[in-house]
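Undergrad: sequence and predicted structure below; questions after.
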Amino acid sequence: MKKFPPERIICLTEETVETLYLLGQQDRIVGVSGYAVRPEGVRREKPRVSAFTSADIPKILALEPDLVLTFSDLQADIAADLLRAGVAVMGYNQRDLAGILAMIRHLGAMVGQGVRADKLADHYEQRLAGIAARADGKPRPKVYFEEWNDPMITGIKWVSELIEIAGGHEAFPDLVGEGAARDRIVNSDQVIAAAPDVILASWCGKKVRPEKISARPGWEAIPAVRDDRIIEIKSSIILQPGPAALGDGLDAIVAALA
């Protein structure tokens, strides 16, 4: 790392972008992912240097970053290319709520805002506890969350935890601990057998089609389909393991289960 705290940061996923803005450190950001949409206007304010699994390495190097922030093994090749080019890289891999809160605290400490980051994380912890307390003792509908439709992928851990906090019951609890998407694939018969009361869907990169879900063979027997409780949650607020999921994403789940 050329400087500490780093003065020129590139964020290759959205959650670190939003965290730095919430910490008042947006001036340190010199490049972002093309998927960054929070806060509104970020795509106009900051150069776009990457997709999710690909990045414009020459453009990144031209911005002379002190630090590049990546996420998960899916960006490991990008990280390796940057490290070989002499760039400092921090790779996060938060997969649950505890990990999201730890990322906020760690990133805050790296930019010299440890106290402010602790307060932000404490705020989210209190918010989660408050919403969980309001749901306590109430009937808990069974919820199937569909992260992708072909193949059907479910059980992403931080979403499952938010469903439980919001007052729902995860339809596939045995899959929640699986980190890789390929290990969270379900088939139609499994979903029919689970008989969810609510279906939440967020197909990353494309609009959810509730009518396509309800038209799947045999799904007319599922309570969620019968009662027309198929709800889309936008991927920008639920599939990013960061502040968006703890705020607007959780609110959307609470509203869907009401």
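TA: Done, it's in. Residues are numbered from 1 along each chain as shown.

Undergrad: residues near residue 138, how many?
TA: 9 (other CB atoms under 10 Å). In this view, the C-beta of every residue, glycine as well, is placed from N, C-alpha and C.

Undergrad: any idea how far residue 132 is from the residue lying closest to it once chain neighbours are set aside?
TA: Nearest-residue entry for residue 138: residue 167, 5.8 Å, with adjacent residues in sequence omitted and distances by CB to CB, 6 or more residues apart in numbering. With distances taken as CB to CB, to the nearest Å, residue 167 is found 8 Å from residue 132.

Undergrad: looking at those two, which is more packed in?
TA: residue 167 (21 against 13).

Undergrad: end-to-end on stretch 226-237?
TA: Stretch 226-237 has its terminal residues 27 Å apart, counting by CA to CA, to the nearest Å.

Undergrad: buried ones in it?
TA: 229, 230, 231, 232, 233, 235, 236, 237 (16 or more other CB atoms under 10 Å).

Undergrad: one more: stretch 68-77?
TA: 68, 69, 70, 71, 72, 75.

Undergrad: now do stretch 196-206
TA: 196, 197, 198, 199, 200, 201, 202, 203.

Undergrad: turn those into a markdown table, columns for secondary structure.
TA: A markdown table is the format used below for these (DSSP: H, G, I helix; E, B strand; the rest coil):
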| residue | secondary structure |
| --- | --- |
| 196 | coil |
| 197 | coil |
| 198 | strand |
| 199 | strand |
| 200 | strand |
| 201 | strand |
| 202 | coil |
| 203 | coil |
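
Undergrad: for the residue nearest to residue 23 when sequence neighbours are not counted, give me its contacts.
TA: Sequence neighbours aside, residue 113 is the residue nearest to residue 23 in space, at 4.8 Å (criterion: CB to CB, 6+ apart). Each residue near residue 113 by CB atoms under 8 Å, 6 or more residues apart in numbering is listed here: 23, 24, 25.

Undergrad: hang on, the last one packs against residue 111?
TA: Yes - between residue 25 and residue 111 there is a contact at 5.0 Å, judged by CB atoms under 8 Å.

Undergrad: which residue packs closest to residue 90, ignoring adjacent ones?
TA: Nearest non-adjacent residue to residue 90 (CB to CB, 6+ apart): residue 69, at 5.3 Å.
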